[in-house]
Every structure is written in C-alpha cells, then in structure tokens.
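Novice: can you look at this prediction? I've put the sequence above it.
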Amino acid sequence: MRQAITLLDIRFADEGGQLGEATAHMLALVDTLIQSTRDVSA
C-alpha cells in the first residue's frame, strides 16, 4: 500500500497542490497503521 501511494506521489509531483497534500496525509496514515499493527502484534 505504501509503495502505491509513493508511486502516485512521484507520478504527480509536478502538479503539486492538493494531490501532494493528500498523498502526504495518506502516507502518514499508512505509517501510523503499520506501527499500530506492530505494537498490537508485539
């Protein structure tokens, strides 16, 4: 999932604006989800 969002961010980086903000927010959410999953499984 994280790779797909990163690729989306790279692909449309030149357009900037709301898309860049949205992908940054999605990456932050995915990172939080991954960390929460690790915490629960530990």
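Specialist: Everything's here; your move.
Novice: show me how far the one helix or strand residue 37 maps to is from its chain's centre.
Specialist: Element membership for residue 37 (DSSP states H and E) is helix 17-41. Distance, stretch centre to chain centre, for helix 17-41: 5 Å (Cα atoms, centre = their mean, to the nearest Å).
Novice: what packs against it?
Specialist: helix 2-11 (3 or more Cβ pairs under 8 Å, 6 or more residues apart in numbering; DSSP states H and E). Where you see a C-beta, it was placed from the backbone N, CA and C, and this is true even at glycine.
Novice: follow-up on the earlier one: next, the angle helix 2-11 makes with the helix holding residue 37.
Specialist: 160 degrees (axes from the mean of the first three to the mean of the last three Cα atoms, to 10 degrees).
Novice: could you dump stretch 15-35 to PDB, C-alpha only?
Specialist: Taking Å, rounded to 0.1, in the frame of the first residue of the first chain, the C-alpha atoms of stretch 15-35 are listed here in PDB:
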ATOM      1  CA  GLU A  15       1.200  19.000 -10.200                       C
ATOM      2  CA  GLY A  16       1.600  19.700  -6.500                       C
ATOM      3  CA  GLY A  17      -1.300  21.300  -4.700                       C
ATOM      4  CA  GLN A  18      -4.000  19.200  -3.000                       C
ATOM      5  CA  LEU A  19      -2.700  15.900  -4.500                       C
ATOM      6  CA  GLY A  20       0.600  16.300  -2.800                       C
ATOM      7  CA  GLU A  21      -1.000  17.200   0.500                       C
ATOM      8  CA  ALA A  22      -3.400  14.200   0.100                       C
ATOM      9  CA  THR A  23      -0.600  11.700  -0.600                       C
ATOM     10  CA  ALA A  24       1.400  13.000   2.300                       C
ATOM     11  CA  HIS A  25      -1.600  12.600   4.600                       C
ATOM     12  CA  MET A  26      -2.200   9.000   3.200                       C
ATOM     13  CA  LEU A  27       1.400   8.100   3.800                       C
ATOM     14  CA  ALA A  28       1.200   9.400   7.400                       C
ATOM     15  CA  LEU A  29      -2.000   7.300   8.000                       C
ATOM     16  CA  VAL A  30      -0.400   4.200   6.500                       C
ATOM     17  CA  ASP A  31       2.700   4.600   8.700                       C
ATOM     18  CA  THR A  32       0.500   5.000  11.700                       C
ATOM     19  CA  LEU A  33      -1.400   1.900  10.800                       C
ATOM     20  CA  ILE A  34       1.800  -0.100  10.300                       C
ATOM     21  CA  GLN A  35       3.100   1.000  13.600                       C
END
